[in-house]
Every structure is written in structure tokens, then in C-alpha cells.
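Colleague: Please find the sequence and the predicted model below.
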Amino acid sequence: MRQTVVIFVLLVVFTINVKAQVPIGFGWAKNAVNTTIFRKNSVVSHKGYQFVAYYDSVGYVVVAKRKLTTNNWQVLRTNFKGNVKDAHNVISMMIDSDGFVHLSWDHHGNVLHYSKSVQSLGLNFSPEIPMTGVKEAKVTYPEFYRLANGDLLFFYRDGSSGNGNFIINKYSIATKAWQRLQDVLINGEGKRNAYWQACVDVKGTIHVSWVWRESADVSSNHDMCYAASDDGGVTWRKSNGVVYTLPITQATAEVVLAIPQKSELINQTSMTADEDGNPYIATYFKPQGSNVPQYQLIYFNDKAWQVNQVSNRQTPFSLSGVGTKKIPISRPQIIVGKANGKLTAIMLYRDEENGSVASAATCKDLITNSWTTKNITTTALDNWEPSYDTELWKQSKKLHIFIQKAGQGDGEKLENLAPQPVYVLEWKP
């Protein structure tokens, strides 16, 4: 394997140290299929081992594994292949509490592709298998989440852009089988669909937020909505505790922030929750009276929803059109915590105004809403978006970020970019 350099980052009082490492391998880079933010997960850890998944130069799914104490990666090219020319068709994975790796890949309105490792913490996978066998013909946006008891959730959209429903399956550690948890959690009623982001907090509460889209046109995104479940996804409530009658529709959804269409409101960003179970949603849109989209943090402070503008960007752009867009900024990733009794936050992103490097905006006290930005890579990553090892962050507050330079033409077009090295950037706040 060719030797190169990877950036290793350690954050101590918002300072940065770097050291060299060997790349895991080389990933497809003509579009952003390896680096979109809605990969849940690109990197995941369990019992001292870390796994990474990506598409190689010809579209095969590659899974790599290492002990967290070493940089020695075992790399396996599976027999699974995806349509890497479509940036929607991401790889997502999660590890259950028994150590089995669950893998899903290559979806944009097509049949479910799912496999499970044949051994605990192993790199060999079963042939493709169904989950429930029902409503698995038009799958898009597969996402895994691990519950506190080790069971897994699998979120996906059944249908198409502007006309799709939000489905949830649950994997039981006890039975080693999947069952349908919600046939239609959020119902677009044949008129629209919800583009969501979600998280599971340390107490086991599932948080989901979403924007509505009225058509395939990205500019028809509007409103930020919210729901939470305290019983593993069976019943759902609003932030004020009022229980939803399911499925949730546009008429019944809790709108935490009204955002009109044509506000350059992006979909499928990220969210998290603090140790008290309060949700935080990262997004971007144009503030009223401005034509420049800004990064925003929408969060609940035990009493009411708050909105903090994070960035002070100067360059306007438009999200109008269909398909995967070539956008000058990435969707943001949000991580929160507490330090010295104050709520702190880190927002990860990439912006052409800042040279398209990976950047971290940090706030030591959300009440002050004072943000400081640091670059955490030195070279441009083109159309990369941040994704990270959510389980490692929960366990040890170590932030391991998937890094790969990636192109992206507007409307699913490809760029002439050779395969790029895949890294895990390590950062310990």
C-alpha cells in the first residue's frame, strides 16, 4: 500500500496537534457517495475495535477493521457492489451489542441491500438477506442506530422524493431478527415527504427532526419539525410531552421553527442531544431579509426552542433544482457537551469561503453564542461532508471523523477525480 499522510488532531482548549498516519485505502471520489453526511455510520466502534466502510475505485463495498490502540487496518473488499454514480447510494453500518456488523448499501428507490457479519467483530458477511420482507422494494436513505440495550433501529424512506413515508425496523438481540416497528411514522400523504435527521441519546430517547419537501425541487424544503420516543420507538411525543397520534402528518407535526420554502433550507443534516436529553439540530438556511445561507443551531433548553446563528458567511447560493447538488458548503455536523457547567458545542463543516478544508466552529457557552472557527485539515476536501463515530463519542468523548476528498457535479454529474485516500481523523476534546 502506498504511504501517505493523514492528519491526527487532538483538541485541548481548542488547540490542535497533528501527526502522521497511513491511509486505510483509496475510495471512489468522482462524486460524494462516500462522504455524504447521512451515512449512519461511516465509522463505528465496539469493544475496542473500529470499523470503516467505503466504496473503492470501481464501486465495491470495502470494510476495514482495527484495534483502536493501533493504526494497523485489516481491509476486506466484499462481493457487494453499488451504483456509485448516484451519490444517494451510500453505505451505512452499525454494530449490535453482540458485536455483529450490520451493513446496508446502494439505495435510491430500489430493493433493500442488507447483510450481517457471520462472526462477532468479523469482516466476512452473509449473502444479501431481507429484514422483514415487506416494503423493501423502494428503499432510500438507510440509517442504523443502536439503542441502550444493544438492539438496533433501521430507518429508511419508502417511496420517492416529494412522495415518501418514513419507516422504522427494529432488530432484537434476543431473537436475532428484525420486525416492523413503524410502518409509517411520518406520512407525506402522497403530497410531500419528510427529510429527517435523528439520534439516540445516552438515556435511550430517540430524537427525530425533519423538514418537509413538497416536490423533487430542493428549494421546496420548509419548516423544522420534531418528535421523540422514550420507549424505543413505539410511542412518540412533542417537546412539550404531548403524545402524537400516529402517523405524524404536516397538520399534526410540531413545528419548532417555521421556515418558508425558497429559504435555501437544506435537508438531511444532523442532530444530537445533551446529557439531559435536550435536542440540538444543525442546519442552514437564509435568515429573513438576507440572501446568504448561514449555519444555524436550533435547540431546546428545557423550556423553549432557541435559534443561534453560527456563521457569518458572505456568499449567496441557490439550492433550486433536483438531484444531488454541487453546493459550496457542506451540511453541518453537531456535537454538544458540558464544560465548567456550561453547554458547549462543536459544529463541523466545509465551506468554499474557507478553502473547502474541514473546519470546526466551537462555542464554549451557548448562552453567549460566541463561536471560534479552527481548520482541522490543511488541504481542500472539495465536496466532503462530515460524518463521525457516534458510538465512540458516547463511550469516551473521542471524536473520530471520516475523511476523504470527494468531487460532486450538480444534478448527479461526476467529476474527473481519481480515487482518494480514506482516513479517520482523530480528535479528543
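Modeller: Okay, I see it.

Colleague: burial measure for residue 235, as a count.
Modeller: Residues lying near residue 235 (other C-beta atoms under 10 Å) number 12. (C-beta placed from N, C-alpha, C; glycine too.)

Colleague: repeat for residue 312
Modeller: Look at residue 312: counted by other C-beta under 10 Å, it has 11 neighbours.

Colleague: Contact partners for it?
Modeller: Residues near residue 312 by C-beta atoms under 8 Å, 6 or more residues apart in numbering: residue 294.

Colleague: Just the pLDDT for residue 7.
Modeller: You'll see residue 7 listed with a pLDDT of 28.

Colleague: Okay, now the unreliable bits of the stretch 251-400 of the chain?
Modeller: Regions of the stretch 251-400 of the chain meeting the criterion pLDDT under 70 are absent.

Colleague: all helices in it, in order from the N-terminus.
Modeller: Using DSSP state H, counting those that start in this stretch, the helices of the stretch 251-400 of the chain run over residues 390-396.

Colleague: tell me the strands in it, going along the chain?
Modeller: Secondary structure of the stretch 251-400 of the chain (DSSP state E, counting those that start in this stretch): strands located at 254-257, 270-273, 279-285, 294-300, 305-309, 333-339, 342-350, 358-363, 371-375, 399-403.

Colleague: any chance of those strands in a markdown table, with mean neighbour count and distance to residue 94 too?
Modeller: Below are the strands of the stretch 251-400 of the chain laid out as a markdown table (neighbours: other C-beta atoms under 10 Å; distance: least, C-beta to C-beta, whole Å):
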| stretch | mean neighbour count | distance to residue 94 |
| --- | --- | --- |
| strand 254-257 | 18 | 27 |
| strand 270-273 | 24 | 16 |
| strand 279-285 | 26 | 21 |
| strand 294-300 | 22 | 25 |
| strand 305-309 | 16 | 29 |
| strand 333-339 | 19 | 17 |
| strand 342-350 | 22 | 20 |
| strand 358-363 | 22 | 24 |
| strand 371-375 | 15 | 30 |
| strand 399-403 | 24 | 14 |
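
Colleague: Nearest approach to residue 149 belongs to which of those?
Modeller: With C-beta to C-beta as the criterion, residue 149 lies closest to strand 270-273 of the strands of the stretch 251-400 of the chain, at 17.6 Å.

Colleague: so what strands line up beside the closest one?
Modeller: As defined by DSSP bridges, the strand partners of strand 270-273 come to strand 279-285 (antiparallel).

Colleague: if we can go back for a sec, quick one, which of the strands of the stretch 251-400 of the chain is nearest to residue 154?
Modeller: When those are compared by C-beta to C-beta, strand 270-273 sits nearest residue 154, at 17.8 Å.

Colleague: ok, and what's touching that closest one?
Modeller: Against strand 270-273 from outside (C-beta under 8 Å, 6+ apart): 37, 197-199, 201-202, 205, 207, 209, 279-282, 331-336.

Colleague: on that earlier part again, could you dump the strands of the stretch 251-400 of the chain to CSV with distance to residue 414?
Modeller: CSV is the format used below for these (distance: least, C-beta to C-beta, whole Å):
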stretch, distance to residue 414
strand 254-257, 35
strand 270-273, 26
strand 279-285, 25
strand 294-300, 28
strand 305-309, 34
strand 333-339, 25
strand 342-350, 19
strand 358-363, 23
strand 371-375, 28
strand 399-403, 21
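
Colleague: Residue 77: which of these is closest?
Modeller: When those are ranked by distance to residue 77, counting by C-beta to C-beta, first place goes to strand 399-403 at 18.0 Å.

Colleague: quick one: that closest one to chain centroid distance?
Modeller: Here strand 399-403 is found 12 Å from its chain centre; the criterion is C-alpha atoms, centre = their mean, to the nearest Å.

Colleague: so what strands line up beside the helix or strand that it is followed by?
Modeller: Where DSSP states H and E defines the elements, the next helix or strand beyond strand 399-403 is strand 420-427. Next to strand 420-427 in the sheet, as set by DSSP bridges, lie strand 25-27 (antiparallel), strand 399-403 (antiparallel).

Colleague: just the CA coordinates of stretch 354-368, formatted as PDB?
Modeller: Extracted in PDB, the C-alpha atoms of stretch 354-368 (Å, rounded to 0.1, in the frame of the first residue of the first chain):
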ATOM      1  CA  ASN A 354     -12.700  28.900   4.000                       C
ATOM      2  CA  GLY A 355     -10.800  27.000   1.300                       C
ATOM      3  CA  SER A 356     -13.000  23.900   1.500                       C
ATOM      4  CA  VAL A 357     -11.000  22.400   4.300                       C
ATOM      5  CA  ALA A 358     -12.600  20.600   7.200                       C
ATOM      6  CA  SER A 359     -13.500  23.200   9.800                       C
ATOM      7  CA  ALA A 360     -14.800  23.200  13.400                       C
ATOM      8  CA  ALA A 361     -16.700  26.000  14.900                       C
ATOM      9  CA  THR A 362     -16.600  25.800  18.700                       C
ATOM     10  CA  CYS A 363     -18.700  27.600  21.300                       C
ATOM     11  CA  LYS A 364     -17.700  27.400  25.000                       C
ATOM     12  CA  ASP A 365     -21.100  28.700  26.200                       C
ATOM     13  CA  LEU A 366     -24.200  28.500  24.100                       C
ATOM     14  CA  ILE A 367     -25.800  31.300  26.100                       C
ATOM     15  CA  THR A 368     -23.200  33.700  24.700                       C
END
